[in-house]
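Trainee: below are the sequence and a predicted model; questions follow.
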Amino acid sequence: MSHELIIGCIGKPSAGKSSFLNAATDSTAKVGNYPFTTIEPNIGVAYYPTECPCKKYDKSSVCSPRYGTCKDGYRNIPVKMLDVAGLVPGASEGKGLGNQFLDDLRHAHVLLHVVDVSGNTNEKGEETTGYDPINDIQWLKEEIHSWIFNNLWKRWGNIIRKQASTKSPADLILQKKLSGYGTRISVVRQSLENIDLREPINLSTWTDDEVHKFVNSFLDVRFPTVLALNKVDQSTSDLNISRICSKYPDYSMIPTSALAECFLRKMKSQGFIQYKEGDDNFKTYDDCTHDEKVTTKLKQSDDKLKGRLEKLRDLVLFRYGSTGIQSAIKEAVELKKFIPVYPVKNLKSLSCDKSGGSVLRDCMLVPQGTQVREFAGMLHPDLDKYYLYAEGITGQRLGETEEITLSNNIIKFTTAAIEQSNNTNNNNNNDDSK
C-alpha cells in the first residue's frame, strides 16, 4: 500500500462526489446529475492545513516546502483524494459498478462519505423528493461490511486449519487474510482489542456472529469515515442534518456545499471576489474601501451575481461558518491520526541540503504507530539499509523502534555512507593541518 495518504471520496451516484473533488482540488472530474458520472477513478491533490514547525523555531521567513505551501507558519500538506465509481445497494454482490468500486476502495486510508442531505436523489442516484439520506449512511456501511465478511467467511475453514497446523496467533492469521486491504498487524490487533479480545484466541470457536463483530470493529479501524453532509444550501437539508446528527452522535461529520465552493473559486479566478478557501466570508467590490478598490482591482458585480453571492453567503457561510470542504479534509486526516514528519540534514538550521538551504523542505504524513527506522525505509530503501542512528530536534538519539509523535517529528538520519564521508573529510582536514 502507498505511503502517501489517500482519502477515498465515496458515496452513491449523484451525491456530489465529483463536485466535492473539484472543490477540494484542481481535478476536472466529469460532473453530471445522473448515475455513474465517474466511470474511472479520478485522483486529485487536496491540502491538509496544519501548523508548521517553522513558526516554533523562528524559520517562517526561510521555510521552503518542496510540495504544498507555507505562509506565516501554517503549512498546506498535499494529500491525494480518490473519487471512484458510484456505489449502489447490492454492490457487494456485483450490482452496479460495485466490484470496481470496492477494488478501488482498498487503496484508501480514510473514507470521506459524501451524503446528499437534500433528499432529492434516491439510493440509485436518481432524482426524487423526500428521500431519507439516513438510508445511504447505513446501506453503504453494510455493503462494505458484506464485501469484507464474505471474503473472510468463505475461507473460514481454511483459516481455522491454518491456525491449527501452524499454531500461529489469531492476529497474524487474520492479518495475512486481510492483507489485500492494505492491513497492518497493528490494525488487526486494535480491531481485536476494541471488542475485548486478546491472545490467545482460538478462531475455531468463532461463529459467523463473532466474525461479523470483528469485521465491524475492523471497518472502524481500517476505514474510519467522515460524513460530508453535502448540499446544505438546499431548503430540505436542515431537517435531515438534525436527524442524522441524532441518529449517529458518535460519527465525524461536516456540513458541506461543494457547488458553493466551486462557485466561489470561479468568482475569485474571474476577479469578482477576494476569497480564501476555508474562510467564513468573501469580499466583493462593494465591500471594499476606496483604497482597497484601487489595490484589489476587483470587478463590479451585476445585480444577478450580487444576488447569487448574497444568497450563498447567507445560506452557507454565515450559517455553517464555511463551505466545509477544507474542514472535511482536515477532519479526515486527523481522524486517521496521521502525523506530519520532517526529515532534515541539519538540526540547527533545519535545512535539507548540505548548503544550509531548503529549510523544512520535505514533509511526509505517516500513520500513527510508525517507528523511526520504519520511517527511514519509507523515505528511501538505502536509508534503512545503511542506517546507523537517528536524532531528534535537541540532538537526542531516537530508538529504532521508537514511535514517531508530534514531539519527535523532526528527524535527522545518519547512515554508514554519511559517517564514512564525515570521517574521510576529518582525516583530510587533519592532513592539511600538518
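Mentor: Done, it's in. Residues are numbered from 1 along each chain as shown.

Trainee: show me where the chain has strands.
Mentor: 6-10, 42-51, 69-71, 74-83, 110-116, 225-230, 252-255, 273-274, 283-284, 339-344, 364-366, 387-391, 397-398, 410-415 (DSSP state E).

Trainee: mean neighbour count and mean pLDDT added to those, as TSV?
Mentor: No exception for glycine: its C-beta is placed from N, CA and C like everyone else's. Compiled in TSV, the strands of the chain are given as follows (neighbours: other Cβ atoms under 10 Å; pLDDT from 0 to 100):
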stretch	mean neighbour count	mean pLDDT
strand 6-10	25	90
strand 42-51	19	87
strand 69-71	15	91
strand 74-83	21	89
strand 110-116	26	94
strand 225-230	27	96
strand 252-255	22	97
strand 273-274	21	96
strand 283-284	18	96
strand 339-344	21	96
strand 364-366	19	93
strand 387-391	17	96
strand 397-398	16	97
strand 410-415	20	96
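
Trainee: save the ones you listed as JSON lines, and put in distance to Asn22 too.
Mentor: Below are the strands of the chain laid out as JSON lines (distance: least, Cβ to Cβ, whole Å):
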{"stretch": "strand 6-10", "distance to Asn22": "11"}
{"stretch": "strand 42-51", "distance to Asn22": "8"}
{"stretch": "strand 69-71", "distance to Asn22": "20"}
{"stretch": "strand 74-83", "distance to Asn22": "9"}
{"stretch": "strand 110-116", "distance to Asn22": "12"}
{"stretch": "strand 225-230", "distance to Asn22": "13"}
{"stretch": "strand 252-255", "distance to Asn22": "17"}
{"stretch": "strand 273-274", "distance to Asn22": "18"}
{"stretch": "strand 283-284", "distance to Asn22": "23"}
{"stretch": "strand 339-344", "distance to Asn22": "26"}
{"stretch": "strand 364-366", "distance to Asn22": "23"}
{"stretch": "strand 387-391", "distance to Asn22": "40"}
{"stretch": "strand 397-398", "distance to Asn22": "41"}
{"stretch": "strand 410-415", "distance to Asn22": "35"}
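
Trainee: of all the ones you listed, which one comes closest to Gly321?
Mentor: Across these, Gly321 has its closest neighbour in strand 252-255 (8.9 Å, Cβ to Cβ).

Trainee: quick one on the thing from earlier: closest to Leu379 out of the strands of the chain?
Mentor: strand 339-344 (5.9 Å).

Trainee: what angle separates the closest one from strand 42-51?
Mentor: The directions of strand 339-344 and strand 42-51 differ by 80 degrees, with axes from the mean of the first three to the mean of the last three Cα atoms, to 10 degrees as the criterion.

Trainee: of the strands of the chain, give the one that comes closest to Asp104.
Mentor: Using Cβ to Cβ, those put strand 74-83 closest to Asp104, at 6.7 Å.

Trainee: remind me which residues of the protein are low pLDDT?
Mentor: Where the chain drops to pLDDT under 70, the residues are 1-3, 26-41, 85-100, 418-434.

Trainee: now Ser14. Nearest residue, chain neighbours left out?
Mentor: Nearest non-adjacent residue to Ser14, counting by Cβ to Cβ, 6 or more residues apart in numbering: Gly125, 3.8 Å away.

Trainee: can you give me the end-to-end span of stretch 220-234?
Mentor: Length of stretch 220-234, first residue to last, Cα to Cα, to the nearest Å: 30 Å.

Trainee: gap between it and the chain center?
Mentor: 12 Å (Cα atoms, centre = their mean, to the nearest Å).

Trainee: contact partners of stretch 146-160?
Mentor: Stretch 146-160 is contacted by residues 91-93, 102, 173-174, 177-178, 180-181, 203-204, 206, 208, 211-212, 215, 218-219 when judged by Cβ atoms under 8 Å, 6 or more residues apart in numbering.

Trainee: wait, what's in contact with Thr128?
Mentor: By Cβ under 8 Å, 6+ apart, the residues touching Thr128 are 119-122.

Trainee: gap between it and Asn122?
Mentor: Between Thr128 and Asn122 the distance is 5 Å, computed by Cβ to Cβ, to the nearest Å.

Trainee: do Gly395 as well
Mentor: For Gly395 relative to Asn122 (Cβ to Cβ), the value is 61 Å.

Trainee: who has more neighbours, those two?
Mentor: Neighbour comparison, Gly395 and Asn122: the larger count goes to Asn122, with 19 against 9 (by other Cβ atoms under 10 Å).

Trainee: surely the more buried one touches Gly130?
Mentor: No. Checked against Cβ atoms under 8 Å, the pair Asn122 and Gly130 is beyond contact range at 9.7 Å.

Trainee: compare the contacts of Thr128 and tell me which is most surrounded.
Mentor: That'd be Thr121 among these, by other Cβ under 10 Å, with 24 neighbours.

Trainee: Gly125: neighbouring residues, count only.
Mentor: Gly125: 22 neighbours (other Cβ under 10 Å).
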